[in-house]
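1. coords below, sequence missing:
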């Protein structure tokens, strides 16, 4: 066996000291659980107001689980870690056969994993890995791969200059690992002097306003000489675009990335104002999550292909895709994802660019 790849969590300002290590996944131990009897699955999300949750995560998860004969209890913590704990207590008290949870905070949620274990309810992390607690599985993309993909694409366009990194919430692996992915590509270029990282910041709750403020500060501090913005969420990217335009810089002059392929970002991409957006395939993630939940409820193997070391042991990992969609790939994307984006809305400001889907 080759040496496992290490996906460390050591970025400023967050230094966690825990790493995710991937290796071959073991099969679920036989006789390790008792099949559930409620035919209910809890799907606990950090929030559900973002476009992706309403149009991909929730509908695809519910459709898949319901097709297998399970009722889905959806919970939304609205980015409040303590609220998520209260919701978990209620779900566990009411009784479910399995819990799939996207943690608001990957440390705080360790308590939820421990509560579920004591109650004999299998729990799996979703989209962000809970650290420091045993769990039955992890379903999600590797944010580090996404960060690296975005950085590589931007570096190909802008191989030298000042870079600004604006990540999501520092309490979530989806943010910290993506930031690490940026660094795997950029650090060698920083070392040889081609690139200078003039700002490297996380953004509380992935909000637009602080991301915009950081972009404004970066532009001001560097006399508007910023050559690229690597941004971890489309909602934050819109704030960055506003900061760029407010500085009197022509939209599209500075590459800006995002994540989630939200409508406003897709429009900005086809209009040439935003470079691209990472697609974390929440549809595929939701389907995989529901299948894993059903498997956990029935004491079956969840279908992991690798594992993640979360500091409490090896967690079986059902790895889902993540990739960058830029202007070159947009036509193919909108044609293949009609449930996600309305093609007429995406191209409403540039109708002459609208593709004809086959």
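-> That came through, no problem. Please read all numbers here as calculations on a predicted model, not as lab measurements.
2. For stretch 60-78, list every residue counted as buried.
-> 60-62, 64-65, 70, 72-73, 75-77 (16 or more other Cβ atoms under 10 Å). The C-beta positions use only the backbone N, C-alpha and C, and glycine is treated the same way.
3. let me fix that: stretch 329-343
-> Applying 16+ other Cβ under 10 Å to stretch 329-343 flags 330-331, 333-334, 337, 340-341, 343 as buried.
4. Would you point out the most distant pair within the residues you listed?
-> Pairwise distances across those peak at 14.1 Å for 331 and 340 (criterion: Cβ to Cβ).
5. any idea how far residue 298 lies from residue 75?
-> 22 Å (Cβ to Cβ, to the nearest Å).
6. Next up, phi/psi of residue 201, please.
-> Torsion angles at residue 201 (phi, psi; degrees, to the nearest 10) stand at phi -130, psi 150.
7. Just give the closest residue to it, not the sequence neighbours.
-> residue 214 (5.0 Å; Cβ to Cβ, 6 or more residues apart in numbering).
8. my read: the one you found touches residue 198, true?
-> No. In this structure, residue 214 is not within contact of residue 198 by Cβ atoms under 8 Å, at 11.0 Å.
9. Spit out the residues that contact those two alike.
-> residue 164 (Cβ atoms under 8 Å, 6 or more residues apart in numbering).
10. Looking at these two, which has the bigger crowd around it?
-> residue 214 (24 against 17; other Cβ atoms under 10 Å).
11. of all the buried residues of stretch 329-343, which comes closest to residue 89?
-> residue 340 (33.9 Å).
12. what's the neighbour count on the nearest residue to the closest one once chain neighbours are set aside?
-> Take residue 340 and drop its neighbours on the chain: the residue closest to it by Cβ to Cβ, 6+ apart is residue 55, 5.8 Å away. Look at residue 55: counted by other Cβ under 10 Å, it has 18 neighbours.
13. Model confidence score at residue 55, please.
-> In this prediction, residue 55 carries a pLDDT score of 90.
14. just residue 155 next, same as before
-> So residue 155 comes in at 98 (pLDDT).
15. And the helix or strand where residue 174 lies, what does it pack against?
-> Following DSSP states H and E, one finds residue 174 within helix 173-191. If you count contacts as 3 or more Cβ pairs under 8 Å, 6 or more residues apart in numbering; DSSP states H and E, helix 173-191 packs onto strand 5-8, helix 143-157, strand 161-166, strand 195-201.
16. Name the residues of it that are buried.
-> Buried, per 16+ other Cβ under 10 Å, within helix 173-191: 173-183, 185-186, 189.
17. relative to strand 195-201, how tilted is it?
-> 150 degrees (axes from the mean of the first three to the mean of the last three Cα atoms, to 10 degrees).
18. that older thread, tabulate the buried residues of helix 173-191 (CSV), appending distance to residue 106 and pLDDT.
-> Formatted as CSV, those follow (distance: Cβ to Cβ, whole Å; pLDDT from 0 to 100):
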residue, distance to residue 106, pLDDT
173, 5, 78
174, 9, 84
175, 10, 92
176, 9, 93
177, 11, 92
178, 14, 96
179, 14, 97
180, 14, 97
181, 17, 98
182, 19, 98
183, 19, 98
185, 24, 98
186, 24, 98
189, 29, 98
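19. Just send these back as JSON lines, with distance to residue 282 too.
-> As requested, those are arranged in JSON lines below (distance: Cβ to Cβ, whole Å):
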{"residue": "173", "distance to residue 282": "16"}
{"residue": "174", "distance to residue 282": "12"}
{"residue": "175", "distance to residue 282": "16"}
{"residue": "176", "distance to residue 282": "19"}
{"residue": "177", "distance to residue 282": "17"}
{"residue": "178", "distance to residue 282": "15"}
{"residue": "179", "distance to residue 282": "20"}
{"residue": "180", "distance to residue 282": "21"}
{"residue": "181", "distance to residue 282": "18"}
{"residue": "182", "distance to residue 282": "21"}
{"residue": "183", "distance to residue 282": "25"}
{"residue": "185", "distance to residue 282": "24"}
{"residue": "186", "distance to residue 282": "26"}
{"residue": "189", "distance to residue 282": "31"}
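20. Tell me how far the closest residue to residue 195 other than its chain neighbours lies from residue 183.
-> Nearest residue to residue 195 in three dimensions, chain neighbours excluded: residue 189, at 4.2 Å (Cβ to Cβ, 6+ apart). In this view, residue 189 and residue 183 are 10 Å apart by Cβ to Cβ.
21. thinking again about what came up before, tell me the one among the buried residues of stretch 60-78 nearest to residue 260.
-> Taking those together and measuring to residue 260 by Cβ to Cβ, the closest member is residue 60, at 14.8 Å.
22. ok now stretch 257-269, how far from the chain's centre?
-> Here the centre of stretch 257-269 is set off from its chain's centre by 14 Å, with Cα atoms, centre = their mean, to the nearest Å.
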